[in-house]
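# Here is the input, now give the coordinates:
(2 chains)
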Amino acid sequence: MLAVYLAFTDATSGSLHGNWVGLQNFTDEWKDEIFRRAIWNTFLFTVASQIVVLLGAGILAHALIRDFRGKWILRFLILLPWAAPIALGTLAFRWILDPTFSVVNWVLVHTHTLGAFCDVTNISNCSETSPPNWVGDPTLGKLSIIAVHSWRVLPFATVIFLAGIASIPREVDDAAAVDGATGLKKFWYVSLPLQLPIAIVALLFGIVFTATDMAVAYVLTHGGPFNSTQMITTWSFTTGIESGRLGAGAAMSLYLLPVLAVVAIGMLVAARRAEVA
Amino acid sequence: MTAVARRTPPRRPGARSAWKRNGIPWLIVGPFAIVLAFPFYWMLITTFKSTNELYQLDRNPFWWHEGVTGANIGDLFHNTPYVTWLENTLLIGVVVVAVTLVLSLPAGYALARLSGRWGQSMGVGIFLVYLIPPTLLFLPLARVISDLGLTDRKGSLMLVYPSFTVPFSTWLMMGFFKTIPRELEDAALVDGATRIKTLTRIVFPISLPGILTVVIFSFSLVVNEFIYAITFISSSENRTISAGVPTDLIRGDLVLWGSIMASILIPSIPLAILYNLFLEKFIAGFTGGAFR
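The predicted structure is shown next:
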């Protein structure tokens, strides 16, 4: 409630209560170019990383549901990113993607693929002799953030998928076999619809995790260079805490509400469907 | 008949089928495992490398050339507030877990046994509260915390974190308690047990997977949480690891990556083992609590 109230005031840190300024914060923010870019980035990072995560988790869960030798060690490795506290895991990526001492660049240079890489990706200031700056370039910065988000959410989504597949009774498989459904046909008409509710749950959790997370973008690029990788969360933090314009910052974070409302409704529908199934 | 035959295909022990059964999953999962686990391998390498060697680009960086050193870890423990951050995280974690359990167990039980529409919609309402993310509330709560005079105190986090863990845990436990047949409790009551005794002797032990999920969930939240930890706490000695390491260890031009990587590995390893041990229970907690 206080969040909503603050968004309508011109409160700044220091003074306790601001004056009522109506919708001004919302309209002001809308005119702010950085804020609009932050909305777009939030959308882009969330959608892109969730596509990667859903594909990856689908493949992983189908492979891991079977029993095979040495499964536990693969499972352990897959789950590792989940264990690292998110801000700290991101910090590790900052070292991996360091402007000067990046191990990724070292591999590119020493396998003599850097030139080809730069040509394909068409990134400025990137050539055989000058390796790219993964966190200091607007395009690569976005790519890095998407990669870290995917890295972070994939283990969790895999676990949810595994649970979903395990909950499908064996009888369904048998019935499908009796009816002559095989291969792709069985996957499309039997397995996929049954896994849909659980996939939706994984997706919705993923959206909430990614869209409302601040740590990754804040630690990896700090919204830079030149605010090109700001998300709604980081920009509202910068405005609300670092510049002390509480009202404006609160208004920004409220722009996340419609997204969350959609997610919440989706979640309940999915839960109900899973109950029926 | 065909169905039964399909379910257990006669498997002849042969090199081909063994390869098919064990090799293909490795081929599929292997690359993912390498990518997902690489940062941890890199942390391990960096932690035990001398600072000098970290900045040599002409050597293969994937192994140690000047020997393994413990200097980075020693540096981390003696010259930074890292131990204090670990203690803070542990302390706040224990308090938050305790508060969460004390509040969410009775609440979840009451909601599960509260029949009719009211119980149902209150459960849903509580779950919706959980979906409101910290990012939406950190600015107004910063105001509340300063009004309460808790700015820069560990108490601020102990107060705020349960507001996220309790709704979710209540919802989760509600799902769990619903799966316990009421007859079981009635039988105990008939045998002369009090309501409290029924809870502690029968209901809670059966719900142990759910309770474990709540404990792990709440503790992970305290370890992971970032926004509140850096908004409410401004002095180094009151920080948790998630806030302390990125803000205080990375200041200035000389960034000691060896120590930083060590600081990430140390909390990650016990958590990884914990998650793996309780994975089955955790899945049961999530799906059982959420969808049954």
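
# CA only for contacts and neighbour counts going forward, please
OK.

# In contact with the residue nearest in space to the middle of chain B, which residues are there?
Chain B has B:Ser220 as the residue nearest its centroid, 2.7 Å off, counting by Cα atoms, centre = their mean. Neighbour list for B:Ser220: A:Pro85 [criterion: Cα atoms under 8 Å, 6 or more residues apart in numbering or on different chains].

# Going by neighbour count, which residues in the host helix or strand of it are buried?
Using DSSP states H and E, B:Ser220 sits within helix B:208-224. Residues of helix B:208-224 classed as buried by neighbour count (16 or more other Cα atoms under 10 Å in any protein chain shown): B:209-211, B:213-224.

# Show the average pLDDT along stretch B:46-63.
What stretch B:46-63 shows for mean pLDDT is 82.

# now do stretch B:90-109
The pLDDT scores in stretch B:90-109 average 92.

# Counting residues, which helix of chain A comes out longest?
Across chain A, the longest stretch assigned as helix under DSSP state H is helix A:33-64.

# Take the helix or strand that it is followed by, keep the C-alpha atoms, and write them as CSV.
Downstream of helix A:33-64, the first helix or strand assigned by DSSP H and E is helix A:71-83. The C-alpha coordinates for helix A:71-83 follow below in CSV (Å, rounded to 0.1, in the frame of the first residue of the first chain):
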residue,chain,number,x,y,z
LYS,A,71,23.7,-40.1,-13.3
TRP,A,72,24.2,-38.7,-9.8
ILE,A,73,27.4,-36.9,-10.8
LEU,A,74,25.7,-35.2,-13.8
ARG,A,75,22.8,-34.3,-11.6
PHE,A,76,25.1,-32.8,-9.0
LEU,A,77,26.9,-30.7,-11.7
ILE,A,78,23.6,-29.5,-13.2
LEU,A,79,22.2,-28.4,-9.9
LEU,A,80,25.4,-26.5,-8.9
PRO,A,81,24.3,-23.0,-10.2
TRP,A,82,21.2,-23.2,-8.0
ALA,A,83,23.4,-23.5,-4.9
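
# helices or strands up against the helix or strand just after helix A:71-83?
As assigned by DSSP H and E, the chain's next helix or strand after helix A:71-83 is helix A:86-96. For helix A:86-96, the elements it packs on are helix A:138-166, helix A:215-220, helix B:24-47, helix B:241-248, helix B:257-277, judged by 3 or more Cα pairs under 8 Å, 6 or more residues apart in numbering or on different chains; DSSP states H and E.

# number of nearby residues for A:Pro169?
9 (other Cα atoms under 10 Å in any protein chain shown).

# need the contact list for residue 109.
Going with chain A. Applying Cα under 8 Å, 6+ apart, the residues near A:Val109 are A:Glu128, A:Pro131.

# actually it's chain B I care about, not the one you picked
Neighbours of B:Tyr109 in contact, by Cα under 8 Å, 6+ apart: B:Met173, B:Met174, B:Phe177.

# Remind me which helix or strand it belongs to.
Using DSSP H and E, B:Tyr109 sits in helix B:82-113.

# out of the buried residues of helix B:208-224, who's nearest chain A?
B:Asn224 (4.7 Å; Cα to the nearest Cα).

# pretty sure the closest one contacts A:Pro85?
Yes - proximity of B:Asn224 to A:Pro85 meets the contact threshold set by Cα atoms under 8 Å, at 4.7 Å.

# Need the overlap of contacts for these two.
With Cα under 8 Å, 6+ apart as the test, B:Asn224 and A:Pro85 both reach B:Ser242.

# tally of neighbours for the closest residue to B:Leu54 other than its chain neighbours?
Distance criterion Cα to Cα, 6 or more residues apart in numbering or on different chains; nearest residue to B:Leu54, sequence neighbours excluded, is B:Thr46 at 7.3 Å. By the criterion of other Cα under 10 Å, B:Thr46 has 27 neighbours.

# next one: A:Trp72
13.

# and it, how far is that from B:Ile260?
Distance, A:Trp72 to B:Ile260, by Cα to Cα, to the nearest Å: 29 Å.

# One more: B:Thr200?
44 Å.

# so what pLDDT did the residue nearest to the centre of chain B get?
For B:Ser220, pLDDT reads 87.

# Wondering if stretch A:39-48 reaches chain B at all.
No - interface with chain B: stretch A:39-48 contributes nothing (Cα under 8 Å from any Cα of the partner chain), its closest point being 13.0 Å away.

# Which positions in the stretch 51-200 of chain A make contact with chain B?
Contacts of the stretch 51-200 of chain A with chain B, taken as Cα under 8 Å from any Cα, map to A:59-60, A:63-64, A:68-69, A:74, A:76-89, A:91-93, A:95-96, A:101, A:103, A:106, A:151, A:159-160, A:163, A:174-175, A:177-178.

# which secondary structure elements does whichever strand or helix holds A:Trp235 contact?
Using DSSP H and E, A:Trp235 falls within helix A:232-237. Applying 3+ Cα pairs under 8 Å, 6+ apart, we find helix A:232-237 packed against helix A:33-64, helix A:246-254.
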